[in-house]
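# fold the following and give me the result.
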Amino acid sequence: MTATLALVPVLSVLAGAAITYWLNVRARNRTRIEDIYHDAIAAVAVAAASKEFIGQVGPWRGASDDEYDAFTSRMGREGNERYIKAVADARSAIARASAYAPELRRFYAETGGSEFDDALADEIIAAVRQALARRSRSRRQPAVGI
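Numbering: from 1, shown residues only. Model (predicted):
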């Protein structure tokens with residue numbers, strides 16, 4: 001009888017640890033997926049914002065015409081490079097999010113060109129927010145069988 005009484009606390013601690021571990025793994029997975037949605041929203045916003053970049057400045061004192069032309073040319077080139085990278089990053093983020101919300105896949109194709117206008121960005125962000133809201137709502141509903 002004493003051996004059984006000694007096992008009860010040990011088994012209850014093990015059961016508590018297993019339940020805690022299971023809950024933490026579920027919460028971490030849920031948070032990771034929500035982070036993917038938030039990353040997609042941020043990447044799309046950055047891509048839309050990087051379309052407008054400083055491409056021209058006034059000449060500064062002491063600069064030759066060649067220096068000024070080279071500088072403004074470099075500004076435009078670097079701005080375009082940042083924009084292209086931001087669009088590529090946004091497409092990647094949309095692709096990752098579409099693994100959890102297949103309705104986002106259509107936006108991956110629509111962002112393939114060099115044009116990423118504000119209307120498209122707003123539409124994508126709204127769709128990702130809807131997917132995130134659906135995920136949050138489904139989380140709040142009690143699971144069947146638990």
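# so which strand or helix has Val57?
When elements are assigned from DSSP states H and E, Val57 belongs to no helix and no strand.
# hmm, Asp69 and it touching each other?
No - in this structure Val57 lies outside contact range of Asp69 using Cβ atoms under 8 Å: 11.8 Å. Placement of C-beta: from N, CA and C, glycine included.
# mind giving me the packing neighbours of the longest helix along the chain?
If you go by DSSP state H, the chain has its longest helix at helix 2-49. Helix 2-49 is packed against helix 65-98, helix 118-140, with contacts defined by 3 or more Cβ pairs under 8 Å, 6 or more residues apart in numbering; DSSP states H and E.
# on the pLDDT front, check Ala93 for me.
On pLDDT, Ala93 comes in at 95.
# whoops, I mixed them up, Arg96
Looking at Arg96, its pLDDT stands at 95.
# before we move on, what about Ser114?
Looking at Ser114, its pLDDT reads 61.
# check Ala40 too.
In this prediction, Ala40 carries a pLDDT score of 96.
# contacting residues for the residue nearest to the spatial centre of the chain?
By Cα atoms, centre = their mean, the chain has its centre lying nearest to Asp39, at 1.4 Å. Asp39 makes contact with Ala93, Arg96, Ala97, according to Cβ atoms under 8 Å, 6 or more residues apart in numbering.
# distance check, it against Ser12.
When distance is defined by Cβ to Cβ, to the nearest Å, Asp39 is 40 Å away from Ser12.
# do Ala90 as well
Using Cβ to Cβ, Ala90 is found at 50 Å from Ser12.
# please apply the same query to Gly58.
In this view, Gly58 and Ser12 are 75 Å apart by Cβ to Cβ.
# looking at the two, which has the bigger crowd around it?
Set Gly58 next to Ser12 and count neighbours by other Cβ atoms under 10 Å: Ser12 wins out with 10 against 6.
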